[in-house]
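**Q** quick one: sequence plus predicted model below, questions after.
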Amino acid sequence: MIRTLFVTAAFVFFGSAVISQDNPPPAAVVAVEVTTRNLAEVSDFNGRLDANRRVALVARVSGVIENIGFVPGAIVEQDQPLFVIESDLYDAAMREAEGALRAAQAQRDLARLERDRQSELVLREAGAQARLDQAEAALATVEADVLRLEAALDRARTNLSYTVIKAPFSGRIGNSAVDEGALVGPESGALATLVQLDPIHAEFPVPTALLRTFLERVERGEVSREAAVRLTLANGTVYDAQGDIDFVDSRVNSGTDSVMLRARFANPEGRLLDGELVRVTLTTDTPEGELAIPAEAVQRDIQGAFVLVVGEGEVAEQRRITVLRNAQGFAVIGAGLSEGERVITEGVNKVRVGAVVDAAAPEG
């Protein structure tokens, strides 16, 4: 009796296993509908950021640094004093030039009086022409001295102004190459570097053929130079502002058959840095209403591209397709699919063509 029950139980267990293996549950997959999307045609290039303005600050007169008026790395305003060089000698030179000029001006005024007096005497035939000629020559000499001393005063004033090195524009100042108390002069080189980061430019080379196509589309109004460029930073972050193409070089690089383009980006927070290497994405076309599916749904074999479609009765079908291009993570479909059909994007390796699947929409 016990043996009979054991045999019966074994038959039930193994029989159930055979039935379960013959009728496995449908494969769980994720399926996405074929939709119409507006996918811009883009091309990626390596580029480098270039500050809008950059200047090396140098001393134009010699002297000791009395004060440094900035914190390295800070934002400075236009005309903000950055370095102050001792000015006592240059102030004294200016006052000396002012005194010499005043003396020369007094001599000029006296020479004019003498010239006028001699001229009056000659008109009255009471004086000699030679005395008048000498008076005119003396006046010309002192007038020349006045011009020379005016120039000397201008030079002294200019040298005095050079003792205060100001920011020529607003921007970010680099590290100071000298400390307070250092003796500097024109031969000292750059004391610091000032860059203007807002706006900032991205320069990148574009193949000539692609540039021709892009410019022709711009002329036809199919694409714009404005907001045509995006940046991807070194850590993979996509910069939130788009850039405008503001410069196309007039010369082709014969070695690479490419042309240098430049895009202008707003950078009010200074996130983009001068000289930074970036990935540049140029929008070369903006077509409308194209059938598209996620790129991961496309499979390939020796015959070409195909997808697995969830057909009638939730049965998986293989469908040959034509892929026109890939853009923004999607494959643009030229033939083989219709809007509203569902293609399998996840679980493809579990699917057998002709089998029923358990298709679910993607989360989110």
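**A** On my side now, so go ahead. Numbers count the residues shown, from 1 in each chain.
**Q** just give me the longest helix of this protein.
**A** If you go by DSSP state H, the chain has its longest helix at helix 88-123.
**Q** past that helix, which element shows up next along the chain?
**A** Using DSSP states H and E, the helix or strand that directly follows helix 88-123 along the chain is helix 129-161.
**Q** what is the mean pLDDT for that next one?
**A** Helix 129-161 shows an average pLDDT of 93 in the prediction.
**Q** got the buried residues for it?
**A** Across helix 129-161, burial judged by 16 or more other CB atoms under 10 Å covers 131-132, 135, 138-139, 142-143, 145-146, 149, 152-153, 156-157, 159-160. For every residue, glycine as well, the C-beta is placed using N, CA and C.
**Q** that one versus helix 88-123: what angle between them?
**A** The directions of helix 129-161 and helix 88-123 differ by 160 degrees, with axes from the mean of the first three to the mean of the last three CA atoms, to 10 degrees as the criterion.
**Q** what is helix 129-161 packed up against?
**A** Under the contact criterion of 3 or more CB pairs under 8 Å, 6 or more residues apart in numbering; DSSP states H and E, helix 129-161 touches helix 88-123.
**Q** and the helix it packs on, how far out from the chain middle?
**A** Here the centre of helix 88-123 is set off from its chain's centre by 58 Å, with CA atoms, centre = their mean, to the nearest Å.
**Q** now do stretch 204-221
**A** So, by CA atoms, centre = their mean, the centroid of stretch 204-221 is 20 Å from its chain's centroid.
**Q** tell me the average confidence for it?
**A** Rounded mean pLDDT across stretch 204-221 is 94.
**Q** same question for stretch 102-114.
**A** Per-residue scores along stretch 102-114 average to 93.
**Q** just stretch 228-246 next, same as before
**A** pLDDT averaged over stretch 228-246 gives 95.
**Q** so how far is I200 from V76?
**A** 17 Å (CB to CB, to the nearest Å).
**Q** neighbour-wise, which of these two wins?
**A** Higher neighbour count among V76 and I200: I200, with 24 against 20, using other CB atoms under 10 Å.
**Q** before we move on, what SS does that one have?
**A** Here I200 is recorded as strand under DSSP: H, G, I helix; E, B strand; the rest coil.
**Q** that one contacts N267, doesn't it?
**A** Yes: contact criterion CB atoms under 8 Å: I200 and N267 qualify, at 4.5 Å.
**Q** distance between stretch 345-362 and the chain's centre?
**A** On CA atoms, centre = their mean, the centre of stretch 345-362 falls 45 Å from the chain's centre.
**Q** give the burial count for N349, as a bare number.
**A** N349 - counted by other CB under 10 Å - has 7 other residues nearby.
**Q** and it, that one's in a helix?
**A** Yes: N349 sits within a helix when classified using three-state DSSP.
**Q** ok, L231 - contacts?
**A** Counting by CB atoms under 8 Å, 6 or more residues apart in numbering, L231 touches G47, A202, V238, Y239, G243, F265, L272, V278, R279, V280, T281.
**Q** how close does the second one get to R251?
**A** Looking back up the chat, that one is A202. 19 Å.
**Q** those two: which is more packed in?
**A** A202 (24 against 7).
**Q** verify the contact between that one and G47 for me.
**A** Yes: using CB under 8 Å, A202 is in contact with G47, at 4.7 Å.
**Q** name the residues contacting each of the two.
**A** L231, V278, V280.
**Q** what about the residue nearest to S258 when sequence neighbours are not counted, distance to T213?
**A** Distances taken as CB to CB, 6 or more residues apart in numbering put P205 closest to S258, at 3.9 Å, once the chain neighbours are dropped. The gap separating P205 from T213 is 16 Å, by CB to CB.
**Q** and L197, by the same measure?
**A** 32 Å.
**Q** these two: who's more crowded?
**A** Just comparing L197 and T213: by other CB under 10 Å the higher neighbour count belongs to L197, 23 against 16.
**Q** list the buried ones in stretch 78-96?
**A** L82, F83, V84, I85, E86, S87, Y90, A93, M94.
**Q** just the CA trace of that stretch, in PDB.
**A** Extracted as PDB, the C-alpha positions of stretch 78-96 are listed here (Å, rounded to 0.1, in the frame of the first residue of the first chain):
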ATOM      1  CA  GLN A  78      36.800  97.300 -14.700                       C
ATOM      2  CA  ASP A  79      39.200 100.000 -13.500                       C
ATOM      3  CA  GLN A  80      39.700  98.300 -10.200                       C
ATOM      4  CA  PRO A  81      43.300  99.000  -8.900                       C
ATOM      5  CA  LEU A  82      45.100  95.600  -8.900                       C
ATOM      6  CA  PHE A  83      48.800  96.600  -8.300                       C
ATOM      7  CA  VAL A  84      50.100  99.900  -6.800                       C
ATOM      8  CA  ILE A  85      53.800 100.800  -7.400                       C
ATOM      9  CA  GLU A  86      55.600 103.400  -5.200                       C
ATOM     10  CA  SER A  87      54.900 106.700  -6.800                       C
ATOM     11  CA  ASP A  88      57.000 109.300  -5.000                       C
ATOM     12  CA  LEU A  89      59.700 109.600  -7.600                       C
ATOM     13  CA  TYR A  90      57.100 109.800 -10.400                       C
ATOM     14  CA  ASP A  91      55.100 112.400  -8.600                       C
ATOM     15  CA  ALA A  92      58.200 114.500  -8.000                       C
ATOM     16  CA  ALA A  93      59.100 114.200 -11.700                       C
ATOM     17  CA  MET A  94      55.700 115.400 -12.700                       C
ATOM     18  CA  ARG A  95      55.900 118.500 -10.400                       C
ATOM     19  CA  GLU A  96      59.400 119.200 -11.800                       C
END
